[in-house]
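Trainee: next input, structure requested:
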Amino acid sequence: MDPKEIKKILLVDDDADLLEQNKLLLESKGFQVITAENSKDGMKLFYKELPDAAILDLMMEQMDSGFILSYKIKKTEHGKKIPVFILTSATYETGYKFSVTTDEEKEWLKCDGILNKPVAVDELIAKIEKFQS
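Mentor: Purely as a prediction, here's the structure:
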């Protein structure tokens, strides 16, 4: 994939303010961003748009909605080819830090990275670029 090609990002978050904020930040960096406010709509958009990456909130309709959506995406042929990242504030609320640094953790959690909210957009973009290089 040509690094100068505009990449399409699927962004799913039930917090409308954070969704819009992260959308604007990613668009300011040259990405095309499609958004959904729940995992059901997120999955529909995934199939329709076939994005270059997906960024999912962990806690939406259920406490583990992001993990479930990531699992469903990663089970598809297209989903196996793209990075899927989960955003969470769970570390602040629970003190438990999720990680996907090993192949075993990636296999178990079915995502390519977990980022704590608020996310640093440059860190997120670096992770997307690293995955696709």
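Trainee: report the beta-bridge partners for the most centrally placed residue in the chain.
Mentor: When Cα atoms, centre = their mean is applied to the chain, the residue found nearest the centroid is Ile55 (1.4 Å). For Ile55, the beta-bridge partners are Leu11, Phe85 (DSSP bridges).
Trainee: tell me if I'm right that Arg85 and Ala53 touch.
Mentor: In this structure residue 85 is Phe, not Arg. Yes. Taking Cβ atoms under 8 Å as the definition, Phe85 is a contact partner of Ala53 at 7.3 Å. The way it works is simple: take the backbone N, C-alpha and C, and place the C-beta from them, glycine included.
Trainee: joint contacts of these two?
Mentor: Here Phe85 and Ala53 have Ile128 as joint contacts, going by Cβ atoms under 8 Å, 6 or more residues apart in numbering.
Trainee: where in the chain is pLDDT low?
Mentor: The chain contains residues with pLDDT under 70 at 1-4, 6, 90-102, 104-109, 132-133.
Trainee: which residues in it form strands?
Mentor: Taking DSSP state E to define them, one finds strands in the chain at 8-12, 32-36, 53-57, 84-88, 113-116.
Trainee: flag every buried residue along the second one.
Mentor: Neighbour-count burial for strand 32-36, with 16 or more other Cβ atoms under 10 Å as criterion, is recorded at 33-36.
Trainee: could those be laid out in JSON lines, adding distance to Lys75?
Mentor: Below are the buried residues of strand 32-36 laid out as JSON lines (distance: Cβ to Cβ, whole Å):
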{"residue": "Val33", "distance to Lys75": "24"}
{"residue": "Ile34", "distance to Lys75": "20"}
{"residue": "Thr35", "distance to Lys75": "22"}
{"residue": "Ala36", "distance to Lys75": "18"}
